[in-house]
Structures are given as structure tokens and as C-alpha cells.
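Q: coords below, sequence missing:
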């Protein structure tokens, strides 16, 4: 029997509604996953790109805003401003017992002077000397040591290295 | 004839009993971006490091008297890292070195199924690793993992017993167990503190190449057990050669912290 619209009591609906139950399923699963990876403690750290941090089981989180140094394979950046190419750092002679990266030192001195200024004005109690260093995991120890030495000479003695947390 | 009572419930529209889902969808569409903004997919942590004393002190701190370095009861534990050997040393001398072989696992960036593990030759560090599919060399950023296996002096990889969960097994003296244990043997698992287990099921244990990090953790735990009371019982100095990759150093720092040496200092090897 042909389907007749509007004639019998059991007429077919005029237009098919959009079936959105599967969309709801999808959204609920996404919401449940996002709720699982929700974190209320953000970190005040801008991730540099071209940079893969090494994995580690460390769990300490950065507590406050530190001066940021990022070292990639091409460039060393302070607070996301490129300062010196990494190849220049590699050219500093290896047998130098106290290697200092001059351009980095100037930039760090400027930042240190700013902190001293803030202590004078009373905004800070004392010089904090905190710095957070993000390094690509394939860089050599040589570069690491030169950066650490430069930071230490300027006065940033509290050095923290950023790593990617891994479950253990 | 009695009239049939009219039906009170109209079940002709049985298809229309669905609830209106539009407000629920509105709610979810707002909730998903809000949660995405506060979701943390990759967590970043920090490791605190120091330079050894005498170096890196702030120029504004004036010292009236040179600090007396009384090293008489300090252990001065040092871990010396090179590209083929890791040696532990202290004030009294050096322990036998741990030789290792390094294998690099490369995963192609554009085709993640292409992966290859090659042995790294420290005398030829820049030898390119060829992608078997495209025949072009891999870029260093495509190096996904560095695996270190312990070898003996003749560069043969040493195998050790591991549990199915990946924990290293040692014997009573703390040496790596080289053969699968039999039923009833007493073995120790490399956790901190060491866990004693009596073997009930030998098939739970398999022989695998000994990972350098596990053996290092084993040795450090033995040292910690032997010298718990020295003045610098929590200090360790890491000294590495210039070409050692930062990743290896971070893994060794993890090992040192797991073996209860949380104060890590970095130093340069003088050649």
C-alpha cells in the first residue's frame, strides 16, 4: 500500500529531524577525557619550539616566574628573544676552564641589574637569582656547561632545568 | 452498540517521544573548549642543579675570609660520564668502570612506522643513519631514544635477569643476576629500598640486556648503603665529557635521585 501523507491517523512525519544522539555520545566522551586531563595548577613557562625536552621522573613544578633561557640546536634565547647562535657557543675553545658566552652574559647582566633595581625600590626582598633553562635533549654537555657557567658568573645561582614529566 | 472509549493516550506519535537535546548540546559545546583550555597534555617539571662550590658565587657577596674547605670526612662522590664508560669515583679512589654500548632509535618524522635502531660508534659520532625507506640520512631531531646496554671489557653485552615488569633482579650481594633463578631462590628486586622475593615461578623472570641506568642505580644504592653517615651523603657530582648528550645526563640525574642522592652538581672534566 502506498504511503499516504496526512490521510490516515498514522501519518509519517513531514520532515526527518536531525539525529544527534551520536554527536552527544562523542561530546560526552571528549568531556570525560578532558576532565581527566584537567589541571588547576598551570605553569608559568612559555615553551620554546624546535625544542624537545628530555623525559624525566622529576615531579617538582616551577613555583614562580623565573628568567627563561631556551637553548635549541640553532639559537639560544633569553625570554624568547634570540641572543646568540649555538654554533658561536660551540666555538668557544674546549680547554677554556672558565668559558663565558659574552652576549648571553650581557643580557643576563641587564636582567640582574633590573632585579637589583627592584630590590632597591623595595618590590623584592632580596635578589632571587632564579633561572629556568630549557634545553633540547640532543645538545652536548659542552653547551650546557657554558650556559651554566655564564649564569653562575652573573649571579643566577639557582638554576632549574625543564624536563618533560614521565610516569614511573 | 457501546462506543469504544477513545484512547486517552495518543500512541500514534511514538516516534516523537524523543527529548529535545538542543540545550544539552549547547552546554557541551561550551564545556568542551573551556576544558580544552585548561587541559594539560604534557607536564613540565624542573630539576634543580648547582655548580660545585667555589665557582659561580655571586660577585655581590663579599667574603671576608676564604671558606675553609674541610674535606676530611666528605665522600666527594663523582660520576664521570664519557661516551663509552661511566665511572664512579670518590675521595679514596675509583670503582671499576662500567662500559656500555649505545644504541640509538630513530623514528622517521613523516612516516612514524619507519624506525631503526643502530649502534652508535663514539669514534665516528657524525656518521649519518640512513632511513631504510627513503635512503636519505635521518636528522638528529628524529632520534627518539638512546638505549644504553652494559658490556664487559670485550664489548660483549651483559645479560641480566629482569622481571616481567621490567625491574632488575640482583642476588644477595647486590650483583646483577646473570642466570634465571630456580624455584626457592632468594633474590632482590632493584627498588628503593631493595625488595626481597622468594622465587615461586621461574617463568616470571627473563634474561634481557642489562640497561646501564639500572646497573648505575644498583651501584649507587650500594654506595649509599655503605656510607650513610658522611657529611655529603646526599651529594653527587656529575662530570661529563664535552660531547655527551644532555638527554643522557638527565637520565643519569634521575638515577642519582632515585638512589637518594638529590643534591646534584655539575662539573667539567679537565682533559
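A: Great, that's in hand. Everything quoted here is computed from the prediction, not taken from an experiment. Residues are numbered from 1 along each chain as shown, chains lettered A, B, ... in the order given.
Q: check the offset of stretch A:111-128 from the chain's centre.
A: How far stretch A:111-128 lies from its chain's middle: 25 Å, per Cα atoms, centre = their mean, to the nearest Å.
Q: quick check: buried residues in that stretch?
A: Buried residues in stretch A:111-128, counted by 16 or more other Cβ atoms under 10 Å in any protein chain shown: A:111, A:112, A:115, A:127, A:128. Any C-beta I mention is one placed from the backbone N, CA and C, and that applies to glycine too.
Q: ditto for stretch B:88-95
A: For stretch B:88-95, by 16+ other Cβ under 10 Å, it's B:88, B:89.
Q: centre of the chain to it, how far?
A: 25 Å.
Q: for it, the averaged confidence score.
A: The pLDDT scores in stretch B:88-95 average 83.
Q: and for stretch B:163-177?
A: 78.
Q: I would like the residues contacting that stretch, please.
A: With contacts defined as Cβ atoms under 8 Å, 6 or more residues apart in numbering or on different chains, stretch B:163-177 is touched by B:158, B:160-162, B:181, B:186-191, B:194, B:204-206, B:210-211, B:214-215, B:218, B:221-222.
Q: go on, stretch B:94-114?
A: B:83-89, B:115-120, B:122, B:129, B:131-134, B:138-139, B:141-153, B:155, B:157, B:212, B:215-216, B:219.
Q: does chain A sit close to the strand or helix carrying residue B:257?
A: For residue B:257, the element it lies in under DSSP states H and E is helix B:246-258. Yes: contact of helix B:246-258 with chain A (Cβ under 8 Å from any Cβ of the partner chain) involves B:246, B:247, B:249, B:250, B:251, B:253, B:254, B:257, B:258.
Q: the residue nearest to the fifth one when sequence neighbours are not counted - how many residues pack around it?
A: The reference is to residue B:251. Distances taken as Cβ to Cβ, 6 or more residues apart in numbering or on different chains put residue B:213 closest to residue B:251, at 5.8 Å, once the chain neighbours are dropped. By the measure other Cβ atoms under 10 Å in any protein chain shown, the count of residues near residue B:213 is 20.
Q: so what's residue B:147 bridging to?
A: residue B:103 (DSSP bridges).
Q: thought it was touching residue B:210?
A: No: assessed by Cβ atoms under 8 Å, residue B:147 is found out of contact with residue B:210, at 11.3 Å.
Q: counting by contacts, list what the helix holding residue B:257 packs against.
A: Contacts defined by 3 or more Cβ pairs under 8 Å, 6 or more residues apart in numbering or on different chains; DSSP states H and E place helix B:246-258 against strand A:55-56, helix A:141-154, strand B:44-49, strand B:78-81, strand B:143-151, helix B:212-226, strand B:235-240, strand B:263-268.
Q: 7 Å instead?
A: helix A:141-154, strand B:78-81, helix B:212-226, strand B:235-240 (3 or more Cβ pairs under 7 Å, 6 or more residues apart in numbering or on different chains; DSSP states H and E).
Q: what segments of chain A are strands?
A: A:55-56, A:67-71, A:75-78, A:81-85, A:130-135, A:158-165 (DSSP state E).
Q: would you turn these into a markdown table with mean pLDDT?
A: Shown next, in a markdown table, are the strands of chain A (pLDDT from 0 to 100):
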| stretch | mean pLDDT |
| --- | --- |
| strand A:55-56 | 86 |
| strand A:67-71 | 89 |
| strand A:75-78 | 89 |
| strand A:81-85 | 89 |
| strand A:130-135 | 89 |
| strand A:158-165 | 87 |
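Q: residue ranges with poor pLDDT in the chain?
A: Just going to use chain A. Along chain A, the parts satisfying pLDDT under 70 run over A:1-16, A:42-44, A:167-168.
Q: think we crossed wires, I meant chain B
A: Ranges of chain B meeting pLDDT under 70: B:1-16, B:50-72, B:122, B:125, B:270-271.
Q: what segments of it are strands?
A: B:44-49, B:78-81, B:85-89, B:98-107, B:115-120, B:143-151, B:159-163, B:169-170, B:186-189, B:195-198, B:205-209, B:235-240, B:263-268.
Q: hmm, who's touching the helix holding residue B:257?
A: Contacts with helix B:246-258, where a contact means Cβ atoms under 7 Å, 6 or more residues apart in numbering or on different chains, come from A:54, A:56-57, A:135, A:137-139, A:141, A:144, A:163, B:47, B:79, B:81, B:146, B:192, B:213, B:216-217, B:220, B:236, B:238, B:240, B:264.
Q: in stretch B:114-126, which residues are buried?
A: B:114, B:120.
Q: and if you look at stretch B:206-218?
A: Quick answer for stretch B:206-218 (16+ other Cβ under 10 Å): B:209, B:210, B:211, B:212, B:213, B:214, B:215, B:216, B:217, B:218.
Q: do I have it right that the last one meets residue B:191?
A: No: if you go by Cβ atoms under 7 Å, residue B:218 and residue B:191 don't touch, sitting 11.1 Å apart.
Q: give me the number of residues near the closest residue to chain B within chain A?
A: With Cβ to the nearest Cβ, the shortest gap between chain A and chain B falls at residue A:152, namely 2.5 Å. If you count neighbours by other Cβ under 10 Å, residue A:152 ends up with 21.
Q: any idea how far it is from residue B:242?
A: Applying Cβ to Cβ, to the nearest Å, the value for residue A:152 to residue B:242 is 18 Å.
Q: and for residue A:103?
A: Where residue B:242 is concerned, residue A:103 sits at a distance of 21 Å (Cβ to Cβ).
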